[in-house]
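> no sequence for this one, just the structure:
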């Protein structure tokens, strides 16, 4: 009995000592907002706040509760605005913003073989990649994307610029069969990828990956080697998969009924694989993707613009395949606005399924946040506003005429909001943009540099 009394006294004294110290000091408070958590219960907290300390979220609650527990020298008042997880773009080719509008209204293979591949052969360089990545980073910060998955050349330069801008990236060094700007052979590309992995594998913002382009641009040996390299270092593998009917034909020519079946026969599929597009798949293929733990990146705008087809999103969701949203590169979309991707993803499934309930606003929002985090295998770090997760947060204005009145913030985020409604962007606890002013990039210099490169591209493709 005496021992119990003593323990109670000690606990009471400890609690009193903590209480006497007052609220805990943290690095940043976001207060008074409409907090859309996208957590497991789908909480929406009117008059809510988020406490951030360093890189992490330490509490999500009502403003009154947060004020009792925490204080900070830096506070952002989000009254009348939505506070939500940063958007996760699961498929991009960031430097290709410099080809935005270069070739439109074409089928994928015509677009690639007759316009993009030739343009890249004449213009891609480390300098080109750095300029393009800065422009893409600026666009993503301004439109609320905090994490993006990428596949391109000179990926180490993309990583450096991504870190400098403050964004989070899952970045894949491209492996492709023919000579490209940074590698003359697949073996060269794999060597570059290994060096890239070793350089960035412990980085707090960069997750290095290997990115074999597709089955139609790589042979069996290269595909296996790329996947083996990913497994060696336990990093993701990013690949275009089943994007077009022609790609499905390639799989059949190699003796498999589908692209998924072909890759599975190689032992390629497994946890850590991110399949971009995944349109031309059967129910059997979806079962394989689910069983192997593959994540899917759905890119509705690019798929529509290139007439590649409509991904079976409803079947993926029903099978609980991890599926997120992507914009694809801005050369085939033509922007990196994930709010547009949400809206189009919802509308496309409604019209093709003849069901207005298909891909609700809540589902589209989840795909752009937690769904994307799951597809990339980083859902324990990001994707929702929860204690212990990284502080990747955006604040979205809701005061525009087209946003008035607002009855349901989730409906507004998907069906009304645009990227330029984002007011503040925070990654890993660092403010990258506050009140529409980007603080990690010189906006004027980035745009000037991009326009200079556009002139070089125009001159190169005109020859």
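Received, thanks. Keep in mind the model is a prediction, meaning the values are calculated, not measured.
> let me see the contact set for residue 40.
residue 384 (CB atoms under 8 Å, 6 or more residues apart in numbering). Any C-beta I mention is one placed from the backbone N, CA and C, and that applies to glycine too.
> how about the secondary structure of it?
coil (DSSP: H, G, I helix; E, B strand; the rest coil).
> just the pLDDT for it.
Looking at residue 40, its pLDDT is 95.
> and the gap between it and residue 385?
Distance from residue 40 to residue 385, counting by CB to CB, to the nearest Å: 12 Å.
> now the closest residue to residue 443 other than its chain neighbours: which helix or strand?
Using CB to CB, 6 or more residues apart in numbering and skipping residues adjacent in sequence, the residue nearest residue 443 is residue 138, 6.3 Å away. Per DSSP states H and E: residue 138 is located in helix 126-143.
> who does that helix touch, helix- and strand-wise?
strand 87-92, strand 145-152, helix 155-165, strand 422-427, strand 430-434, strand 437-438, helix 443-462 (3 or more CB pairs under 8 Å, 6 or more residues apart in numbering; DSSP states H and E).
> which of those sits closest to residue 99?
Nearest to residue 99 among the helices and strands packed on helix 126-143 is helix 443-462 (6.8 Å), distances taken as CB to CB.
> mind listing the strands for the stretch 1-150 of the chain?
Counting by DSSP state E, counting those that start in this stretch, the stretch 1-150 of the chain has these strands, from start to end: 24-25, 28-36, 44-53, 56-62, 70-71, 75-77, 82-85, 87-92, 145-152.
> if you compare these, which one is most tucked away?
strand 87-92 (a mean of 32; mean count of other CB atoms under 10 Å).
> that strand vs strand 422-427, what angle?
70 degrees (axes from the mean of the first three to the mean of the last three CA atoms, to 10 degrees).
> could you measure from residue 191 over to residue 301?
Taking CB to CB, one finds residue 191 at 35 Å from residue 301.
> looking at the two, which is more packed in?
A direct count of neighbours by other CB atoms under 10 Å for residue 191 and residue 301 places residue 301 higher, at 22 against 14.
> using the three-state scheme, assign the more buried one.
Per three-state DSSP, residue 301 ends up helix.
> contacting residues for it?
Residue 301 neighbours (CB under 8 Å, 6+ apart): 327, 328, 333, 340, 341, 344.
> same thing but 7 Å
Shown in contact with residue 301 (CB atoms under 7 Å, 6 or more residues apart in numbering): 327, 333, 340, 341, 344.
> are we agreed that the fourth one is in a strand?
Just to be clear, that refers to residue 341. No: Residue 341: not assigned to a strand; according to three-state DSSP it is helix.
> nearest residue to it other than its sequence neighbours?
residue 325 (4.7 Å).
> and the nearest residue to residue 160 once chain neighbours are set aside, how many residues sit next to it?
Excluding its sequence neighbours, the residue lying closest to residue 160 (CB to CB, 6+ apart) is residue 130, at 7.6 Å. Counted by other CB under 10 Å, the residues lying close to residue 130 total 18.
> surely residue 130 touches residue 158?
No: if you go by CB atoms under 7 Å, residue 130 and residue 158 don't touch, sitting 8.2 Å apart.
> low-confidence ranges in the protein?
For the chain, the stretches with pLDDT under 70 are 1-20, 463.
> what sits against the residue nearest in space to the middle of it?
The centre of the chain sits closest to residue 89, judged by CA atoms, centre = their mean, with a distance of 2.4 Å. Each residue near residue 89 by CB under 7 Å, 6+ apart is listed here: 140, 145, 148, 149, 326, 327, 336, 338.
> any idea how far it lies from residue 433?
16 Å.
> just residue 220 next, same as before
Residue 220 is 45 Å from residue 433, by CB to CB.
> quick one, which of the two is more surrounded?
residue 433 (25 against 14).
> so what's the nearest residue to the more buried one once chain neighbours are set aside up against?
Excluding the flanking residues, the one nearest residue 433 by CB to CB, 6+ apart is residue 425, at 4.3 Å. Contacts for residue 425 (CB under 7 Å, 6+ apart) come out as 86, 141, 144, 146, 394, 432, 433.
> thanks a lot, catch you later.
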